[in-house]
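A.B. asks: prediction below, plus the sequence it came from.
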Amino acid sequence: MQKKIGAQTLRLSQPPAIISSACIGGKQEQEGPLSAYFDELSDDSFFGEKTWEKAESAMQKRALSRALDKAGLASKDIDFVFAGDLLNQCIGSSFSLRDFGVPFYGLYGACSTMGEGLSLASLLLDGGFGTTIAAMTSSHFCTAERQYRMPVPYGNQRTPTAQWTATAAGCTVLQSGGRGPVVTHVTCGRIVDKGITDANNMGAAMAPAAYDTLSAFFQDTGTKPDDYDLVATGDLGQLGHEILRDLFAADGVTLGENCTDCGLLLYDRQKQDMHCGGSGCGCSASVFNGYLLAQMKEQGWKKLLFAPTGALLSPTSSFQGESIPGICHAVLIEAQP
């Protein structure tokens, strides 16, 4: 069986199953419309730790532990963990796994990391290079603001195009031959840079990448958006989502009501004053591992196309006036018969 179809998409011959998932959130997530889909929520931005960076590691620890418990597994049962975050050198992930004793691949895909981790974990399992693999990521509002924008105590005003970095973590456990929805296709995204330099306008920077990857997926698979129960991008927010619709409309393709964005789902933008919506690795990770997977079961969805996006900037590149490259990885999850 030819596994590569078209230009960028891989069709898995032995699709691994999602046997368990978990997500952790903070105060704003608790006040949002998806709070019922979180495994654990906390009013404490420090999650019992001394720093926000340690808090982010604590969220990943709890997400992985919860996911393993729900699957009836121990850390020794995991062949690999794919994880990443937004902190310098991805310390949120590496520090969180110090005590688990599991083989670890660190990833950086910015807010697309959940899609990147799911893709790589699924490919390894499809190839027979393991039996059980976990993919997880996280973000924290305070750590991201301090690293990419302004120190939180400064009280910097957010622009209308700004999005709120989720304080959240999500973890997926995949297994060969397991029961649950399966990953059948993955599309590796290309870096797309349209010259956006404003770090407060991530949606505009990432939307072209989402368009590029989804267009490749539809072309490679010979399908269209209406063939799926839901097409969920990650963290484009309101402005980025509108740009994505406009880009497809220019091709004569209408994205219907079954197309949404995780950044539009996590919060009530008006009541919580979230401007353009949610962002951060933990946004799409928590929405996917909580709400979206639950809806597959509750609503009887057959096909979920998950396409989280990432802005591949760093504080250094922004200070030097570089534009913001975007990336998007697409993962197709289908219900087992």
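C.D. replies: Good, I have the coordinates.

A.B. asks: the helix or strand hosting residue 331 packs against which elements?
C.D. replies: When secondary structure is defined using DSSP states H and E, the element that contains residue 331 is strand 330-334. Helices and strands touching strand 330-334, by 3 or more CB pairs under 8 Å, 6 or more residues apart in numbering; DSSP states H and E, are helix 113-126, strand 182-187, helix 202-221, strand 303-311. Bear in mind the C-beta positions are built from the backbone N, C-alpha and C, glycine included.

A.B. asks: next structured bit after the helix or strand of the chain with the lowest mean pLDDT?
C.D. replies: Using mean pLDDT, DSSP states H and E, the weakest-scoring helix or strand in the chain turns out to be helix 141-148, at a mean of 72. The element immediately downstream of helix 141-148 (helix or strand, assigned by DSSP H and E) is strand 164-165.

A.B. asks: of the helices and strands packed on strand 330-334, which is nearest residue 318?
C.D. replies: strand 303-311 (10.2 Å; CB to CB).

A.B. asks: I'd like the average pLDDT over the closest one.
C.D. replies: When the per-residue pLDDT values of strand 303-311 are averaged, the result is 97.

A.B. asks: who does it touch, helix- and strand-wise?
C.D. replies: On a contact count with 3+ CB pairs under 8 Å, 6+ apart, strand 303-311 meets helix 113-126, helix 202-221, strand 230-234, helix 281-286, strand 326-328, strand 330-334.

A.B. asks: make TSV out of those and add distance to residue 166, mean pLDDT and mean neighbour count.
C.D. replies: Putting the helices and strands packed on strand 303-311 into TSV (distance: least, CB to CB, whole Å; pLDDT from 0 to 100; neighbours: other CB atoms under 10 Å) gives the following:
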stretch	distance to residue 166	mean pLDDT	mean neighbour count
helix 113-126	12	98	27
helix 202-221	13	96	25
strand 230-234	11	96	26
helix 281-286	4	96	38
strand 326-328	18	98	31
strand 330-334	19	98	25
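
A.B. asks: nearest to residue 8, of these?
C.D. replies: Of all the helices and strands packed on strand 303-311, the one in closest proximity to residue 8, counting by CB to CB, is helix 202-221 (4.5 Å).

A.B. asks: what's the closest one packed up against?
C.D. replies: Other helices and strands packing on helix 202-221, by 3+ CB pairs under 8 Å, 6+ apart, are strand 9-11, strand 182-187, strand 230-234, helix 237-249, strand 303-311, strand 326-328, strand 330-334.

A.B. asks: now those in CSV, with distance to residue 167?
C.D. replies: As requested, those are exported to CSV (distance: least, CB to CB, whole Å):
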stretch, distance to residue 167
strand 9-11, 33
strand 182-187, 27
strand 230-234, 16
helix 237-249, 17
strand 303-311, 17
strand 326-328, 23
strand 330-334, 24
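
A.B. asks: so which of the ones you listed is the most packed in?
C.D. replies: With neighbours defined by mean count of other CB atoms under 10 Å, none of the helices and strands packed on helix 202-221 is more surrounded on average than strand 326-328, at a mean of 31.
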